[in-house]
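>>> would you be able to build a 3D model of this:
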Amino acid sequence: MTSVDRTPRDPAAALRERLSVRPALPLALEEAGVWLVVPCYKVTDHILNVIAATPAWFEGIVCVDDCCPDKSGDFIEANNTDPRVVVVRLAKNQGVGGATLAGYAEAARRGGRVLVKVDGDDQMDLSYAAQLVAPVLLGEADYTKGNRFTSISHLTAMPTIRVLGNAMLSFAAKLSTGYWNIFDPTNGYTAIEANVARLVMQKRVARRFFFETDLLYHLGTLRAVVRDVPMPSRYGDEVSNIRISQIIGPFAAKHARNFAQRVIGQYFVRDFSAASLELVFGLFFTLFGVGYALSYLANREPTQAASAGVVMLAALPVILGAQFLLQAMNFDVLNVPIRPIHPYLNMLRELETDV
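Here you go, the predicted model:
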């Protein structure tokens, strides 16, 4: 009888062995396992153009029919001739976020390693897809996204109201996500490494129009590296489903919630650093100074002038508090993730597969 070697496997030795035979990066994009994910909702006028424009090096295309009233899934199956296309149908409308996550799950299940997401309205130039994919394949980023604000020439086709709105949303997103190195957070032209996508799918990511920004917040909790890729805006005869007046209030509330959760989690739960002390003292001194000033104004005689001591007792804490808060912000800006997590996740997944 042949004996079975039951000697415990040394994880370190297994890791060294795996590294020694680890294949090099693919020489061609066709070998990289790149899949395209396209949420489809009222885009039957444009979706076939998106499929036709998809470069040949994409391994597959997942079109997600988000319970579309135009029956996008049926339309694609009846008119598409590209064998790479896979149609996923959702029984209930889940918004762009829900459709994207469903597409991620299907592409990852079929072996996708880098998942590129575009909208189905043909606003996103797929000739820029390689620029999104490259940083992920090179191990320099876990998630890449388009940025239409890197050049004035890129903004010529964008309506002025969208330029102003995106500028305000970008600053709010920097505060709420911690990614001070990115801009244009609502840009839906993105690429993500599959194992990072698997982690994100376990999070409670917003399913509708706040999806892209909320995804950045959750990537921040994972300490994933995010990189912007410059690209121009492109608009045609498509009709946007977003109404600015309807999203300002909800977006502001969600940004405030994510900012509070991020600060508490990052600086008081998972870590405690100099920035944590600066936040505490900054808030204390600022609130004390403002509170003292308001209390004095409420209780003084109408003709009574404030003495120099009273002014200093109100102003000095506010000045100190502002300085502490600015120092905390500076620390936060410098604390952007710089080491990608997907190489570790890939190795961990391979080791778990061997066990």
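
>>> the spatially most central residue of the chain: what's its closest spatial neighbour, skipping adjacent residues?
Central residue check for the chain by C-alpha atoms, centre = their mean: the C-alpha nearest the mean position is that of L216, 2.6 Å away. Closest residue in space to L216, ignoring its immediate chain neighbours: T177 at 4.3 Å, by C-beta to C-beta, 6 or more residues apart in numbering. Quick note: C-beta positions are derived from backbone N, CA and C, even for glycine.

>>> need the contact list for the one you found.
With contacts defined as C-beta atoms under 8 Å, 6 or more residues apart in numbering, T177 is in contact with P185, T213, L216, Y217, L219, G220, N258, R262.

>>> show me what contacts the first one?
The contact partners of P185, taken as C-beta under 8 Å, 6+ apart, are L169, S170, A173, T177, E212, T213, L216.

>>> next one, pLDDT for it please.
According to the per-residue confidence, P185 scores 87 in pLDDT.

>>> ok, it to R113 distance?
Distance, P185 to R113, by C-beta to C-beta, to the nearest Å: 25 Å.

>>> cool, and the fifth one?
Here the distance between L219 and R113 works out to 18 Å (C-beta to C-beta).

>>> sorry, back to before: so the residue nearest to the centre of the chain is in contact with I182, correct?
Yes. Using C-beta atoms under 8 Å, L216 makes contact with I182 at a distance of 7.5 Å.

>>> now do the helix or strand encompassing V229: everything it contacts.
For V229, the enclosing helix or strand under DSSP states H and E is strand 226-230. Among residues not part of strand 226-230, those counted as contacts by C-beta under 8 Å, 6+ apart are 128, 131-132, 135, 140-147, 150-151, 154, 179, 181-184, 216, 219, 337.

>>> quick revisit: when L219 and R113 are compared, which one has more neighbours?
Of the pair L219 and R113, L219 is the one with more neighbours under other C-beta atoms under 10 Å, namely 25 against 21.

>>> tell me the SS of the more buried one?
Assigned state for L219: helix (three-state reduction, DSSP: H, G, I helix; E, B strand; the rest coil).

>>> excluding covalently adjacent residues, which one is nearest to it?
Closest to L219 by C-beta to C-beta, 6+ apart is Y143, at 5.7 Å.

>>> thought the one you found was touching A194?
No. With contact defined as C-beta under 8 Å, Y143 and A194 do not form a contacting pair (11.5 Å).

>>> higher neighbour count, those two?
Counted by other C-beta under 10 Å, Y143 and A194 do not tie: Y143 has more neighbours, with 27 against 22.

>>> ok, now which ones touch that one?
Taking C-beta under 8 Å, 6+ apart as the definition of contact, the neighbours of Y143 are V136, T190, A191, I192, E193, V196, L219, A224, V225, V226, R227.

>>> mind doing that once more with 6 Å?
With C-beta atoms under 6 Å, 6 or more residues apart in numbering as the criterion, the residues that contact Y143 are I192, L219, A224, V226.

>>> part of a helix, is N330?
Yes. Assessed with three-state DSSP, N330 lies in a helix.

>>> and the pLDDT at it?
Among the per-residue scores, N330 holds a pLDDT of 95.

>>> can you get me a residue count around it?
The burial metric for N330, expressed as a neighbour count using other C-beta under 10 Å, is 12.

>>> any idea how far it is from L277?
Spatial separation of N330 from L277 under the definition C-beta to C-beta is 14 Å.

>>> so how far is N166 from A129?
Note on A129: its distance to N166, by C-beta to C-beta, is 22 Å.

>>> settle it for me: which of the two has more neighbours?
Relative neighbour count places A129 above the other of A129 and N166, with 25 against 20, counting by other C-beta under 10 Å.

>>> which SS class is the closest residue to the more buried one other than its chain neighbours?
Take A129 and drop its neighbours on the chain: the residue closest to it by C-beta to C-beta, 6+ apart is V116, 5.6 Å away. In terms of secondary structure, V116 is strand; the call rests on three-state DSSP.

>>> list the contacts for V116?
For V116, the contact set (C-beta under 6 Å, 6+ apart) comprises L36, A129, A191.

>>> in strands, which of those appear?
L36, A191 (DSSP state E).

>>> next, format the contacts of V116 as CSV and append distance to F285 and pLDDT.
As requested, those are arranged in CSV below (distance: C-beta to C-beta, whole Å; pLDDT from 0 to 100):
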residue, distance to F285, pLDDT
L36, 52, 97
A129, 50, 94
A191, 44, 97
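
>>> closest one to N80 out of the contacts of V116, please.
L36 (13.1 Å; C-beta to C-beta).

>>> what's the local residue count around the nearest residue to L29 once chain neighbours are set aside?
Spatial nearest neighbour of L29, chain neighbours left out: W57 (3.7 Å); criterion: C-beta to C-beta, 6+ apart. Summarising burial for W57: neighbours were counted as other C-beta under 10 Å, giving 15.
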